[in-house]
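**Q** how would this look folded up:
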Amino acid sequence: MENLSRRKALSLAVALGLAGVASPARAWASTGSAAGAATAADAAAGTGPEWIWDAAADPLMASMLENGQVPAINTAWASWVNNNDPLPSGLPAEFAAYLQQVNRLPSWADPAKLTRAADFNRRRDTYLFVLYGLGSGIMSTVIPREARNVYWSAGGANMQDRAAKTFTFGYDLAQLGAFEPTGQFVVTANKTRVVHAAVRHLLPQSPHWKAVTDEAVPISAADILVTFHSLGTYVYRKLLDWNIPFPAADQEAFLHSWQVAIALLGVPDEYIPQTWAQAEKQAAQVLTPILTPTDEGIALAEDLLGLTAQVDLGVTRGFLNEFVRYVLSDQVGDWLGLKRDYVSAALIRTAWPAFILFREGLSPVAPAAFYMFDQFVRALAMLFLNKGSSATTTPITIPTGNRPG
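**A** Residues are numbered from 1 along each chain as shown. You can find the predicted model right below:
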């Protein structure tokens, strides 16, 4: 699996997760920032991340949308890919000035840790794909505000297209050299930040979204942090629970890559967890308690799992349903109406741990189901790595509207 492709395992989850997650207003756990600053503000005072959006990008994108300049931006920035690429011509002057200001790593970014994180992604891509794709990705459909934001935004009407367009974030984050001048993640993160700003302007204009949401403006800094916990913090804990060798240096590097990613999306430093202990404390407070089904989330989960029908995974839909239950919980499976397959459930719960032991060289005996698991993960990876087509890249584009009714 390590040699499968440099387009690593974050695709499906990122395609889902970074579209704008939100959690109900609640106090945020105090935490040191990635830059080592003091503690987070008390949300109860109305000054925490629930009340922070993007003061730099939001008014800019409102202006670009209202003045009809977004199509020109989408055309112009299609050629802007690598971190060291000059800004393309054809951008509105105000928009170009904004990108010039934000298109850089935070001052506290550690190149050595980012390099190690990329190598970690390469070495652990099998587990990362399973956890991001069938864990984090499906978890996002039971985060109520996220599910509603995704469903009623423009991309919610075509989840394959949405996954393909937003896939670039995960691909660029996982590639070797992602944060270096010849990498692509800094550019991709800034494009994603702009898309978030556009969605903040557009979704409040949707009567369908307004009828089901409990928020006035989507994708706050708190929302992005909840997304991080459904991705990075969840995967961190599962790797430990599965007893996969995870040295402290790898743990620190993995966290640091996410710290930088969150910062590039506009989250203030003081709210970004500085350690995994702080991240888990924050996740237990703001992610775990809010998980619950919605009509929109149930529909999205079925769309996403249905994408697997495009290729031969070598397993039944019942097996896929049970794998989701295994990496999340039976409660989530019940919420989403995933039909039970008790034979597959028994196989997964006994053979997957043995699969891990054999892959890690901790057992000399390959489980009888080793080949099936290996082919399943490879086929599932290829479906999303190729996005169901022969295309190798799909540009991030700024939406100009919402999902029709």
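
**Q** what about the helices in the stretch 51-200 of the chain?
**A** 57-66, 70-76, 93-102, 111-123, 125-130, 137-139, 144-152, 159-174, 185-202 (DSSP state H, counting those that start in this stretch).

**Q** Between helix 93-102 and the longest one, find me the angle.
**A** Okay, so that is helix 185-202. 130 degrees (axes from the mean of the first three to the mean of the last three C-alpha atoms, to 10 degrees).

**Q** name the helices or strands packed onto helix 185-202?
**A** helix 57-66, helix 93-102, helix 159-174, helix 248-264 (3 or more C-beta pairs under 8 Å, 6 or more residues apart in numbering; DSSP states H and E). C-beta: built from backbone N, CA, C; applies to glycine.

**Q** quick check: angle from it to helix 111-123?
**A** For helix 185-202 against helix 111-123, the angle between stretch directions is 80 degrees (the same axes, to 10 degrees).

**Q** One more: the first one?
**A** Here helix 57-66 runs at an angle of 60 degrees relative to helix 111-123 (the same axes, to 10 degrees).

**Q** Contacts for helix 57-66, please.
**A** Residues from elsewhere that reach helix 57-66 (C-beta atoms under 8 Å, 6 or more residues apart in numbering): 69-70, 73, 92, 94-95, 98, 102, 193-194, 196-198, 200-202, 266, 398, 400.

**Q** And it, how far out from the chain middle?
**A** 24 Å (C-alpha atoms, centre = their mean, to the nearest Å).

**Q** what about dumping the CA coordinates of stretch 177-187 to CSV?
**A** Once non-C-alpha atoms are left out, stretch 177-187 reads as follows in CSV (Å, rounded to 0.1, in the frame of the first residue of the first chain):
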residue,chain,number,x,y,z
GLY,A,177,7.3,18.2,0.3
ALA,A,178,3.8,19.5,0.7
PHE,A,179,4.9,22.6,2.6
GLU,A,180,8.1,23.2,0.6
PRO,A,181,8.3,25.8,-2.3
THR,A,182,7.7,23.1,-4.9
GLY,A,183,4.8,21.6,-2.9
GLN,A,184,1.2,22.6,-3.3
PHE,A,185,-0.4,22.6,0.1
VAL,A,186,0.0,26.3,1.0
VAL,A,187,-1.7,27.3,-2.2
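
**Q** just to revisit the earlier point, Serialize the helices and strands packed on helix 185-202 to a markdown table and add fields for mean pLDDT and distance to residue 133.
**A** Below are the helices and strands packed on helix 185-202 laid out as a markdown table (pLDDT from 0 to 100; distance: least, C-beta to C-beta, whole Å):
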| stretch | mean pLDDT | distance to residue 133 |
| --- | --- | --- |
| helix 57-66 | 98 | 29 |
| helix 93-102 | 97 | 30 |
| helix 159-174 | 70 | 10 |
| helix 248-264 | 97 | 17 |
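
**Q** Just say which of those helices is most tucked in.
**A** helix 159-174 (a mean of 23; mean count of other C-beta atoms under 10 Å).

**Q** what ranges of the stretch 51-200 of the chain fall below the confidence cut-off?
**A** Scanning the stretch 51-200 of the chain for pLDDT under 70 picks out the ranges 161, 163-168.

**Q** rerun at 50
**A** For the stretch 51-200 of the chain, no stretch has pLDDT under 50.

**Q** And residue 332, how far from residue 141?
**A** Applying C-beta to C-beta, to the nearest Å, the value for residue 332 to residue 141 is 9 Å.

**Q** Neighbour count: the two, which is higher?
**A** Neighbours were counted for residue 332 and for residue 141 using other C-beta atoms under 10 Å; residue 141 has more, 28 against 21.
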